[in-house]
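Just need the structure, nothing else, for what follows:
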Amino acid sequence: MKSKITSLFVLSAVMLGQRGLSAMPIAEKPLYQVTVVQSAAKAINYRNLSGSVEIDFKGTVLSPSAKGMASIKNKAGVTKIEAEFENLASPTQFGPEYLTYIFWAISPDGKATNLGELIVKNGKSEIETKTPLQALGLLVTAEPYFAVSQPSNVVVLENAIKPDNKEKIELIDAKYDLLPRGEYTKNIAATDLQATVMDKKTPFNVYQARNAVRIAKAAGAETYAAEGYRNAERLLALSETKAGGKKGRSMTAREAVQSAEDSRSLSVKRQAAETVTNDKKTAQDDVAMANSQADTAMAGQKKAEEAQEKPSWRKRPRTPNAPRPSLWPDPPWLLPSNPKPTQKWRGHPPTKRKGKKPSCGLNCWPS
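This is a model prediction of the structure:
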């Protein structure tokens, strides 16, 4: 019997917990969550090389006809790079959000550094840049604007060693994170992702600014980084006007792009922190609820055990008109064998005096 009662209370506690879990409000998901994919690249150590060295760039499966070469020189702890590329197709072929190409340096620990934008004319581009990295991998990706802080997975060119290179080059495997295709536009309506039709009167940077502000808004910057986002909108509005000429509009648009990217990055970081906080609070609530359910089950079990340990006579059913059981015996004058007293005397019996009637005080027994 005791085991059955215990099982009943445990089952009740489980059902109560399930009811509580179903009624618990689900934590709100952030507006924007970043998904990354990991890739590997060959990083080259230029620290011990004397003079300059030339490397090749080979096109990936996304752009097999693209190619390039670069001259790299390490001097005074700075790596100088002079690169040129050809057979670069329009980046919009990979999606309407991609407008330009970015040149990246990947450190052996996977950190990506934006080395600059490739200005493409007739499929060709040249760039001169430098970096403090001594060992690095180089690649080119398609991006929505020039100020991106993390490469996309639309990799079109990667560095490669020339077959006839006589220098002893040390290769290092570098793993780095990439943003998958569609990550920038997953919260943007399909009607806003139409192919961009450019005209010569509008500076190219204005198109990038429009793209950057739209992506920042989709990433929740309007809520999580409102000040930076409003500044980007203001700069974009200025670049849309014809005041300042084409050069002035282009410079203002570049500022808008940078402000939009800063607000987007800040928004992503704040939402990630909010997600961690919400997950921690949910875990704490789950532990508190589990402890409460355990306490309730233990209290019910204790109550059941106490109920079984009580005297059995308290559980006997009473028959109609049956006298209530008493813990103490009845006094002698209430027993059926003794006659009932004729007078309501209590205490000592009355005393008899000669010639007088018996007197009775306040406490007396019948004589």
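
how would you label the one residue sitting closest to the centre of the chain: helix, strand or coil?
Centroid-nearest residue in the chain: Thr275, 2.8 Å away (criterion: CA atoms, centre = their mean). Judged by DSSP: H, G, I helix; E, B strand; the rest coil, the three-state class of Thr275 is helix.

gap between it and Ala225?
Distance check for Thr275 against Ala225: by CB to CB, to the nearest Å, it reads 16 Å. Bear in mind the C-beta positions are built from the backbone N, C-alpha and C, glycine included.

re the thing from before, kindly provide the distance from the residue nearest to the centre of the chain to Ser263.
Note on Thr275: its distance to Ser263, by CB to CB, is 19 Å.

and if you look at Ala304?
Counting by CB to CB, the gap from Ala304 to Ser263 is 61 Å.

Name the residue in the two with the higher neighbour count.
Neighbour count, other CB atoms under 10 Å: between Ala304 and Ser263, Ser263 has more, with 28 against 16.

Now do the contacts for the more buried one.
Contact analysis of Ser263 by CB atoms under 8 Å, 6 or more residues apart in numbering lists 216, 221, 225, 227-229, 231-232.

Can you tell me the closest non-neighbouring residue to it?
Spatial nearest neighbour of Ser263, excluding adjacent residues (CB to CB, 6 or more residues apart in numbering): Gly228 at 3.3 Å.

Which strands and helices lie in contact with the helix or strand containing the one you found?
Following DSSP states H and E, one finds Gly228 within helix 226-240. Under the contact criterion of 3 or more CB pairs under 8 Å, 6 or more residues apart in numbering; DSSP states H and E, helix 226-240 touches helix 204-218, helix 221-224, helix 245-309.

Can you say which of those is packed in most?
Ranked by mean neighbour count, the helices and strands packed on helix 226-240 are led by helix 204-218 with a mean of 23 (mean count of other CB atoms under 10 Å).

any idea how far the residue nearest to Ser263 lies from Gly51?
Distance of Gly228 to Gly51, given as CB to CB: 45 Å.

ok, the two, which is more surrounded?
Set side by side, Gly228 and Gly51 show unequal neighbour counts under other CB under 10 Å, the larger going to Gly228 at 21 against 8.
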